[in-house]
Every structure is written in structure tokens, then in C-alpha cells.
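Trainee: Sequence first, predicted coordinates after that:
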Amino acid sequence: MNSLNRRQFLRHFGVSAASLPFLAGLPSLSAAATPQKPKRLVILFSPNGTLPTEFWPEEEGADFQFKSILQPLEPFKSQTLILKGVFNKIKGDGDHHMRGMSCLLTAAQLSPGNIMGGGGAPAGWASGISIDQEIKKALQARAETKTRFGSMEFGVAVPNRADPWTRMSYLGANQPVAPLDDPYQMFAKMYGQVKDKDSLVSILDGVKEDMRRVSQKLSARDKQMLEEHMALVRNMEVELKTPVQTVAHPMPDLDPGIELVNDNTPQMSRMQLNLLVNALVNDMARVATFQFMRSVGQAQMRWLGVQEGHHSLSHDPDDNKESFAKLQKINTWFCGEVAYLAQRLAETPEPSGEGSLLDNTLLLWTNELGKGNSHTLDNIPIVMVGGGAGFKMGRSLKLDNVPHNRLWLTLAHAMGHTELKTFGQSDLCVDGPLSLG
């Protein structure tokens, strides 16, 4: 909604600006046509590689079995597409973690810079736009797909630093986009200005009179949509007002540089995922990224009984059974969060009245490395869940060393951005989009 339409909306219905996040997308009030099935894309990231033997199915096609790491997705098997054989072939400066992270969604080389990694020449930021921002730009250029935010960048336990290991989304060359990992700030961005959690007051209480006044103008479908959305927001407010758990044991003394990930990370993750569902159901954005931590991150996942830093564990050899089991726990936990998001979307009705949000939302979970202790950029994990892209789901596919540029080109076309002919490094796109239908 542009600024002129916003003023007209407020004046015509006599509502406050605080009511707009709840009302602006309703066809009954905006004179918009009944919404068609939207296409949504959510890209989720977890770091430091996976365990191939516990990740990739042995079988190809529809008759496949999930390995241990992907077991949380079992309820969504018919809506899951697993792609093995997608390679990050971007060369140039920077170490594999840097290129794995900042070239992941850009599929373009790193710019020259003075950031020195664990090997290779120093480098800077990525030299191009990321696929999420490219698709956002295309959707925002059309009135029928334009949304309030265009895209939203969520984070969980992303450290307060900025470098090629911490950023995957880019507006363009040397323009990294920082994920927002504070659910209080994200809630304020979506629903109102909240200085801090202590000053949080009920957003719905402030717009209650507006909701009552406007509700009589709504169609039955829009009234139900508004009521469901308000219920989601009310539940989120309760979560935000609930004090986080305190750590019941003393914090250990650690060497400088080790990241102490807050023991409330699981709670923060669910709050962020719930906010993402709220944003999608109210059509605040149709593109989102969700970043867990960072590449080379030393997150300590004590809620899983893991005291060691994640990155250090990922370097241990495969025959270290204790480290292997801990990495298995870590990666399964990440998959569980993807499955939680899929479940929330599956149980949330699509505002158009047809199916669920998951039916029209493609989740894509990936990583910057194929395997942590080898730092390979081959076989980067690609798991897709949901619908809306026109892909044939319920399969495990083994591709032939496909550049990930072609996968991002495929995503763009699936989201309606068919005028895009290449993405990132153009010579890696010569064979065009993949055939996943």
C-alpha cells in the first residue's frame, strides 16, 4: 500500500495507523479482488555442514527413506523434495566458509577485500544480489504481488558482528542485509513501536475499537481471517511477556572468542518462527530468510547436552563417535525447527480459503558446506518442503554436479520471475533452469 492509499484508507475508515498491519491486506476494505493463491518462498540456513551418511537418502525417486537427521520431516514426506548433487562452484578469493556463506544465495564471487579467512586470499562482501532479494525485487515491481515489506530477514542467535561469515542476504554488490534476531524488535517492526520488552503493551488493546468499527464492513471470509490473525498476535504477545528462563547453573569460564549462545535459543527460535507465520498469513511479505547462527560459529547447544562449540565439533574426524553423535543431535535439532515451521504453516488456513499456507509456501533448507571437516562446497544440502512452486514433491533426486546458480534460477522462474535468464556467475547458468516439475 503506497502512502497516498494509506492516507485514503485511514481517512475513509476512521482508523489509526496502528490498525494498518491488521487491515490493509483485507480485500473487503482495500477494494482488491479476491486474492489468488500466492507463491511464497522461505529460505532457511543452518551452518557448518552436515553428516552426509545421516542426511542423504540411499534411494532415489518417491520410494525413499529419511536418514536420522531428516526424520523430523517424516510427516511431510509427500511434500518434501531432496536434491543431492547441487554444487557451489563459485571460485575466487576467500576461504570455503566465506564463499560458502556469502556466495550461497548470491552465486557470485566475493569482492576484493582485506578480511582474511582460514585459507585462501583475503576477500570482502559478495559481488552481487542474493536470490531472495532478486525475487523480492521482481514481486515488489508488480501491483498484484507487492507486499508491505517485500521480504523479511529473520535470525536466531546471529552474533553482533558483520563479515562474510555472518551474512547471506545481499541487496546488491557489497550490500549485505543483516538478519533481525531479536523477536521483540521483529514484533515491533510488524505491529508497533516497542522500545523494549518491559515497555511492551498489548497492541490489540490499542486497536480494539478500530477492529470493532471495521468488522461490520468485512466479508465473512475476511472477518475469519482477521480473527485468526488477531489470535496469532495475542498468543505472540503472551510469549513475549513471559519472562525467559534463567540459567540454573553457573556459566563456565571460556577462552576469548567462544560464543555463548543463550540457553533460551530454542524459545527464541519458536518465537521467530511464529512471527514468520504471522507475517505470511497477513501477507506482509512473500519472501523470507531465516538464519540460524553463522558460518564458523561456535554455538554451544547446551539444551542438547552439547558443551563444545559447533564449528570445532564439525572439524572432528568421522571416526570420533562422540563428536559424530553430537553433530547428529545438532543437525537433527535444526531439521526439527524446519519441521515445526512446516507444521505451523500446514495448520494455518490459506486466506484465499483454499488449503493451508504450506500448500502455497516453499521452504528451502540449506547450509554453506556439504561436510564440515572437509569444507567441501560439493553436495550442499538442499531440502525443500511445501508447495506453490510447481515442483513435483515427495522425491529424493540425485543430480549431476549441478551449479547452484541453476537452482536459484529455477526458484526465480517458479516464483514468476521468468524474465531472469541468468543468476550470479552467468557462465554457470548456460544450461538454464532445472526441470523439477
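Mentor: It's in. Numbers count the residues shown, from 1 in each chain.

Trainee: all strands for the chain, in order.
Mentor: Secondary structure of the chain by DSSP state E: the strands cover 40-45, 80-87, 150-156, 169-172, 175-177, 285-292, 361-366, 382-386, 395-403.

Trainee: Would you mind measuring from Asn88 to Leu407?
Mentor: With distances defined as C-beta to C-beta, to the nearest Å, the gap from Asn88 to Leu407 amounts to 10 Å. For glycine as for every other residue, the C-beta is placed from the backbone atoms N, C-alpha and C.

Trainee: On the strand side of things, show who the residue lying closest to Phe149 once chain neighbours are set aside bridges to.
Mentor: Residue nearest to Phe149 in three dimensions, not counting chain neighbours: Ala285, with 4.4 Å by C-beta to C-beta, 6 or more residues apart in numbering. Going by DSSP bridges, Ala285 is paired in beta bridges with Gly150.

Trainee: so Ala285 makes contact with Lys146?
Mentor: No: with contact taken as C-beta atoms under 8 Å, Ala285 and Lys146 are classed as non-touching, separated by 10.5 Å.

Trainee: So which of the two has more stuff around it?
Mentor: Under the neighbour definition other C-beta atoms under 10 Å, Ala285 and Lys146 were set side by side, and Ala285 has more, 23 against 14.

Trainee: Now do stretch 315-326, average pLDDT.
Mentor: Model confidence over stretch 315-326 averages 97 on the pLDDT scale.

Trainee: Going forward, the N-terminal residue is numbered 198.
Mentor: All set: I'll call the first residue 198, so the last point we hit is now stretch 512-523.

Trainee: Point out the other helices and strands that the lengthiest helix in the chain packs with.
Mentor: The single longest helix within the chain, with elements called by DSSP state H, is helix 518-543. Applying 3 or more C-beta pairs under 8 Å, 6 or more residues apart in numbering; DSSP states H and E, one finds that helix 518-543 makes contact with strand 237-242, helix 462-478, strand 482-489, helix 507-512, strand 558-563, strand 579-583.

Trainee: Give me the buried positions along it.
Mentor: 520-521, 523-525, 527-536, 538-539, 541-543 (16 or more other C-beta atoms under 10 Å).

Trainee: now swap in stretch 243-260 and tell me
Mentor: If you call a residue buried by 16+ other C-beta under 10 Å, then stretch 243-260 has these buried ones: 243-249, 251-254.

Trainee: Please enumerate the helices of the stretch 248-397 of the chain.
Mentor: In the stretch 248-397 of the chain, the helices defined using DSSP state H, counting those that start in this stretch lie at 293-299, 328-337, 380-388.

Trainee: next one: the first one to chain centre, how far?
Mentor: The chain centroid and the centroid of helix 293-299 are separated by 18 Å under C-alpha atoms, centre = their mean, to the nearest Å.

Trainee: Likewise for stretch 415-431?
Mentor: Using C-alpha atoms, centre = their mean, the mean C-alpha position of stretch 415-431 is found 25 Å from that of the whole chain.

Trainee: Return it as PDB; C-alpha atoms alone will do.
Mentor: In PDB, the C-alpha atoms belonging to stretch 415-431 read as follows (Å, rounded to 0.1, in the frame of the first residue of the first chain):
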ATOM      1  CA  LEU A 415     -15.900  -7.300   6.300                       C
ATOM      2  CA  SER A 416     -16.900 -10.300   4.300                       C
ATOM      3  CA  ALA A 417     -17.300 -13.500   6.300                       C
ATOM      4  CA  ARG A 418     -14.000 -14.800   4.800                       C
ATOM      5  CA  ASP A 419     -12.100 -11.600   5.700                       C
ATOM      6  CA  LYS A 420     -13.700 -11.500   9.200                       C
ATOM      7  CA  GLN A 421     -12.500 -15.000   9.900                       C
ATOM      8  CA  MET A 422      -9.000 -14.100   8.500                       C
ATOM      9  CA  LEU A 423      -8.800 -11.100  10.800                       C
ATOM     10  CA  GLU A 424      -9.900 -13.000  13.800                       C
ATOM     11  CA  GLU A 425      -7.400 -15.800  13.200                       C
ATOM     12  CA  HIS A 426      -4.600 -13.300  12.700                       C
ATOM     13  CA  MET A 427      -5.500 -11.400  15.900                       C
ATOM     14  CA  ALA A 428      -5.500 -14.600  17.800                       C
ATOM     15  CA  LEU A 429      -2.000 -15.400  16.500                       C
ATOM     16  CA  VAL A 430      -0.800 -11.900  17.600                       C
ATOM     17  CA  ARG A 431      -2.400 -12.300  21.000                       C
END
